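J.: Pasting the sequence and the predicted model now:
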Amino acid sequence: MGSTLDRVSSSFGQIFRLTTFGESHGVAVGAVVDGCPAGLPLSVDDIQRDLDRRRPGQSRLVTQRAESDTVQVLSGLYEGLTTGTPIAMTVTNADQRPGAYDHLKDVYRPSHADWTYAAKYGVRDHRGGGRASARETIGRVAAGAVARQLLARAAGIEVLGWVSEVHGIVADVDADEVTLAQVEADPTRCPDPAAAARITEAIEEARRQGDSLGGVVTMVARNVPAGLGEPVFDKLDAELAKAMLSLPAAKGFEVGSGFAGTRLTGAAHNDPFEPGPDGRPVPTANRSGGIQGGISNGADIVCRVAFKPTATIATEQKTVTTSGQATTLAAHGRHDPCVLPRAVPIVEAMALLVLADHWLRQVAGSVFSAGPLA
């Protein structure tokens, strides 16, 4: 098991490039963003705002790990502007409790990365899962906050996510109309008040039963210009899929009509065009989810990410020890009975990173060709 050549890949993107570091119960976690242009107005508050939406302990529905997740920017920012050099950010793990995981040192937790990490690397960090923990996503959210400022100021692009389903409870909302205020109005981050109330009851009942729930986060990217993405292997929807499925507990991805589109005919599914004010074609429907041929078409990009029920539960489960002996495990301690409310800013972050990278790739290309962003 494992070899001296094995390593954990921790970088994402081509031009706007992110590298994250740190473990769940190590000293700190963080990120380095390389490729952000110089001169972008950026404050620590811009970054902290998104981290506050991801942090634990923000409501009774999520893990009560006591972390403020206060970010410290180490480099790449001077007098409120980016310098064009790597932006290094770190968050201290203030409430780390590695000793709380001693009982798991010789046990593989069901549906966690414990066994697969050991199988690949020959070693694993049992302290909350190490790099497999959702705490790693702090670096993603911090980097996504930088990408958010870049996209908003350079192109007017807005990315917004919300909880659209938990355990079969589906929000009745129009993706064109959802606002940040509606999403943040309830701890579930579901913008449908009736569905949010039912979701709250379901999550609290799951916690009481020592169980957990899964669901779906919907994300919309607005004001995305036509022309982002590349054909073949770097299609925009393929890049988004990779980004979303790299998230802890993510198990499914759809863009536009997704799997439901398979139940339509081509005549019903196609998005007709009409001429826009500048003569460019404008789609009058959006079953494509804003992407055709792997390239943005100017409509809103709409996608959905499915998250499995949290793997750490208090219900007793069968498992094996590292020595191959059968045993049972009932987890205890702090965990999310449902990851969905805290997954929203993480989904947004990954979309922002993909769009920032492709926007910069398109701008670089337009120096030599009159592309749609020229």
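T.: Good, I have the coordinates. Numbering: from 1, shown residues only.
J.: check contacts around the residue nearest to Asp172 when sequence neighbours are not counted.
T.: In space, and not counting its chain neighbours, Asp172 is closest to Asp192: 5.3 Å by CB to CB, 6 or more residues apart in numbering. To be clear about C-beta, it is placed using only N, CA and C from the backbone, and glycine gets the same treatment. Going by CB atoms under 8 Å, 6 or more residues apart in numbering, Asp192 touches Ala171, Asp172, Val173.
J.: Report the mean per-residue pLDDT for stretch 125-135.
T.: Averaged across stretch 125-135, pLDDT comes to 77.
J.: What residues sit buried inside it?
T.: Residues of stretch 125-135 classed as buried by neighbour count (16 or more other CB atoms under 10 Å): Asp125, His126, Arg127, Gly128, Gly129, Gly130, Arg131, Ala132, Ser133, Ala134, Arg135.
J.: And for stretch 222-234?
T.: Under the neighbour-count criterion of 16+ other CB under 10 Å, stretch 222-234 has Arg222, Val224, Pro225, Ala226, Gly227, Leu228, Gly229, Glu230 buried.
J.: who's in contact with the fourth one?
T.: Contact criterion CB under 8 Å, 6+ apart gives Arg280, Ile295, Ser296, Asn297, Gly298, Pro372 as the residues in contact with Ala226.
J.: of those residues, buried ones?
T.: If you count burial by 16+ other CB under 10 Å, the buried members of these come out as Ile295, Ser296, Asn297, Gly298.
J.: Just the ones of the residues you listed in strands?
T.: Counting by DSSP state E, the part of the buried ones among the contacts of Ala226 found in strands is Ile295, Ser296.
J.: Please report the distance of Pro187 from Ala330.
T.: Between Pro187 and Ala330 the computed distance is 27 Å (CB to CB, to the nearest Å).
J.: Please read the previous query as pertaining to Ala267.
T.: Distance, Ala267 to Ala330, using CB to CB: 54 Å.
J.: Also Ala250?
T.: 26 Å.
J.: Those two: which has the busier surroundings?
T.: Comparing Ala250 with Ala330 by other CB atoms under 10 Å, the one with more neighbours is Ala250, at 21 against 10.
J.: May I have the beta-bridge partners of that one?
T.: Beta-bridge partners for Ala250, by DSSP bridges, are Phe307.
J.: what's near enough to touch it?
T.: If you count contacts by CB under 8 Å, 6+ apart, Ala250 has them with Met244, Val305, Ala306, Phe307, Lys308.
J.: What lies in contact with the host helix or strand of Ala206?
T.: Using DSSP states H and E, Ala206 maps to helix 193-208. Residues from elsewhere that reach helix 193-208 (CB under 8 Å, 6+ apart): 60-61, 163, 166-167, 169-172, 185-188, 190, 212-213, 215, 337-338.
J.: and it, how far out from the chain's middle?
T.: Centroid displacement of helix 193-208 relative to its chain, using CA atoms, centre = their mean, to the nearest Å, is 22 Å.
J.: Could you tell me which residues within the worst-scoring helix or strand of the chain on mean pLDDT count as buried?
T.: Sorted by mean pLDDT, DSSP states H and E, the helices and strands of the chain end with helix 114-121, the least confident at a mean of 88. Neighbour-count burial for helix 114-121, counted by 16+ other CB under 10 Å, picks out Asp114, Trp115, Tyr117, Ala118.
J.: Count the neighbours of the nearest residue to the third one once chain neighbours are set aside for me.
T.: To tie it back to what came earlier, the one meant is Tyr117. Counting by CB to CB, 6+ apart, the nearest residue to Tyr117 once its immediate chain neighbours are dropped is Arg124, at 4.2 Å. Neighbour count for Arg124, taken as other CB under 10 Å: 23.
J.: circling back: list buried residues within the contacts of Asp192.
T.: Buried by 16+ other CB under 10 Å: Ala171, Val173, out of the contacts of Asp192.
J.: Give me the buried positions along stretch 206-213.
T.: Buried residues in stretch 206-213, counted by 16+ other CB under 10 Å: Ala206, Arg207, Ser212, Leu213.
J.: Just the endpoints, please. Distance across it?
T.: Terminal residues of stretch 206-213 are spaced 7 Å apart (CA to CA, to the nearest Å).
J.: One more: stretch 150-169?
T.: Length of stretch 150-169, first residue to last, CA to CA: 35 Å.
J.: Would you mark the buried spots in that stretch?
T.: For stretch 150-169, the neighbour count (16+ other CB under 10 Å) marks 150-151, 155, 157-167, 169 as buried.
J.: do the same with stretch 188-198
T.: Quick answer for stretch 188-198 (16+ other CB under 10 Å): Thr188, Arg189, Cys190, Pro191, Asp192, Ala195, Ala196, Arg198.
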